[in-house]
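S.K.: Return atomic coordinates for the entry below.
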Amino acid sequence: AGNKADYGRTDEFTIDQSVPVLTVTYDNNESSNEYYYSESRRAMLEVQEHNFVPEQFQVNVTADGTPVSGISAWNSEGDRHTATVVFENDAEYTLEISGTDQAGNPVEAYGADRFIIDRTPPALEISRVSHHSANRGEVMPFIQVKDQHLDFEHFDVSLEGYRSLAQEIKGDSGKNADGMWIQMEDFSYTPETDDLYTLRATASDLAGNQSETSVTFSVNRFGSVYTLDEWTDAYYISEAKDIRITETNVDTLEFRKITCNWNGNLETLEEGKDYTVRENGSEDTWKQNEYVISRDNFKQEGIYAVTVYSEDRAKNVSDNQSKGMTLAFAVDRTSPSVLISGVKDRGKYRESSREITID
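M.R.: Numbering: from 1, shown residues only. Okay, the predicted model is just below:
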């Protein structure tokens, strides 16, 4: 009949049977214990797909089990589409990716990533003894380290004395939910224990973060020790010499005084005039005070008693009432006088016996 049908439009459609190809790479692959990272990470997402729309791709990120946002906007260049996800704060993260193209072809699901970002070093503290402190009473340091991901195999504590060298760590220890602690026992009360000590602690977490701390302190319960010249072993001397006294103490002295008792007359000697002092030692070593007491203080004959009095930073007192240094000696320049009575020099006596007195 000649009638014509007119469709009036052109149908366009796409046949897409190719699945999107997803690639995930990280800028930081330096892990510790295969699971922990001490620095932030950035994941680069790349999708190769001609018919890509961002709305059909789901990127799910959780931090400590809580969903968080963090993906950047998608950037497309032809069939290549990229985005980034930043993992910066301390947390346990998961990353899951799924999606389809416009034809409904699903990308191979990505959900294998699970890791921890830990950029915080362990919190390490030594308490109950202060840095550069002088201690004469109870000395019981307490060492504590706190870290959610502490590496218990790499928590080390050492104690070293300036004279006694490496010491054994004695005391109790324990673990808790957020770390570990060590309670040291009291230092023994013996003269050999007096020393300058350095207590050092180091700790690492499973991400490789490290912390180190130390304290230097003294245990000083017995105060100063004195050494003298050999000639002072003699009590009677005819001529006095300069007296050299070395006072050794683990701590610095806060006060010192030297007195001289001559035949019961007590006098305080003046530093710089009657005696000199040379100080040796640093903050990290034992201290020595070398006294040189001039012989001019002992010109007269008689009995002398020289006493060194001192107070150290640990409040130990050394004097002749405690265990301090007192040097006693006698200066005697006069020869003995001998008197003989009952006979005369070159005398002759016709006797069978005679009494003679020698004084």
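S.K.: Point out where the chain drops to low pLDDT.
M.R.: 319-324 (pLDDT under 70).
S.K.: Against residue 141, how distant is the residue positioned nearest the centre of it?
M.R.: The centroid of the chain falls nearest to residue 214 when counting by C-alpha atoms, centre = their mean (0.9 Å). Per C-beta to C-beta, to the nearest Å, residue 214 is found 11 Å from residue 141. Quick note: C-beta positions are derived from backbone N, CA and C, even for glycine.
S.K.: Quickly list what's touching both of those two.
M.R.: 126, 199 (C-beta atoms under 8 Å, 6 or more residues apart in numbering).
S.K.: what sits against the residue nearest to residue 57 when sequence neighbours are not counted?
M.R.: Closest residue to residue 57 apart from its sequence neighbours, by C-beta to C-beta, 6 or more residues apart in numbering: residue 99 at 3.3 Å. Counting by C-beta under 8 Å, 6+ apart, residue 99 makes contact with 20, 47, 56, 57, 58, 106, 107.
S.K.: Sort out which of the residues you listed are buried, if you could.
M.R.: For the contacts of residue 99, a neighbour count by 16 or more other C-beta atoms under 10 Å gives the buried set as 20, 47, 56, 57, 107.
S.K.: Now the fourth one: phi and psi?
M.R.: Looking back up the chat, that one is residue 57. Residue 57 adopts backbone torsions of phi -120, psi 130, taken as degrees, to the nearest 10.
S.K.: List phi and psi for the closest residue to residue 274 other than its chain neighbours.
M.R.: Distances taken as C-beta to C-beta, 6+ apart place residue 297 nearest to residue 274, at 5.6 Å, with adjacent residues excluded. Here is the backbone geometry of residue 297 (degrees, to the nearest 10): phi -80, psi -10.
S.K.: Surely residue 297 is in contact with residue 269?
M.R.: Yes - between residue 297 and residue 269 a contact is recorded at 6.6 Å, counting by C-beta atoms under 8 Å.
S.K.: joint contacts of these two?
M.R.: 260, 275.
S.K.: Now do the helices in the stretch 151-300 of the chain.
M.R.: Under the criterion DSSP state H, counting those that start in this stretch, the stretch 151-300 of the chain carries no helices.
S.K.: Show the contacting residues for the closest residue to residue 140 other than its chain neighbours.
M.R.: Closest residue to residue 140 apart from its sequence neighbours, by C-beta to C-beta, 6+ apart: residue 186 at 5.1 Å. By C-beta under 8 Å, 6+ apart, the contact list for residue 186 reads 138, 139, 140.
S.K.: how far away is the closest residue to residue 245 other than its chain neighbours from residue 169?
M.R.: Leaving aside its chain neighbours, residue 245 sits nearest to residue 291 (4.5 Å; criterion: C-beta to C-beta, 6+ apart). The gap separating residue 291 from residue 169 is 38 Å, by C-beta to C-beta.
S.K.: what's the neighbour count on residue 209?
M.R.: By other C-beta atoms under 10 Å, the residues close to residue 209 number 19.
S.K.: Could you number the chain from 48 rather than 1 from now on?
M.R.: Noted, 48 is the first residue going forward, which turns the last one into residue 256.
S.K.: okay but it is in contact with residue 170, surely?
M.R.: No - using C-beta under 8 Å, residue 256 makes no contact with residue 170, being 10.8 Å away.
S.K.: Whichever helix or strand the residue nearest to residue 104 is part of pairs with which strands?
M.R.: Taking DSSP states H and E as the definition, one finds residue 146 inside strand 138-146. Strand pairing for strand 138-146, using DSSP bridges, gives strand 104-110 (antiparallel), strand 157-164 (antiparallel).
S.K.: can you pull the contacts of residue 235?
M.R.: With C-beta under 8 Å, 6+ apart as the criterion, no residue contacts residue 235.
S.K.: I'd like to know how far it sits from residue 362.
M.R.: 20 Å.
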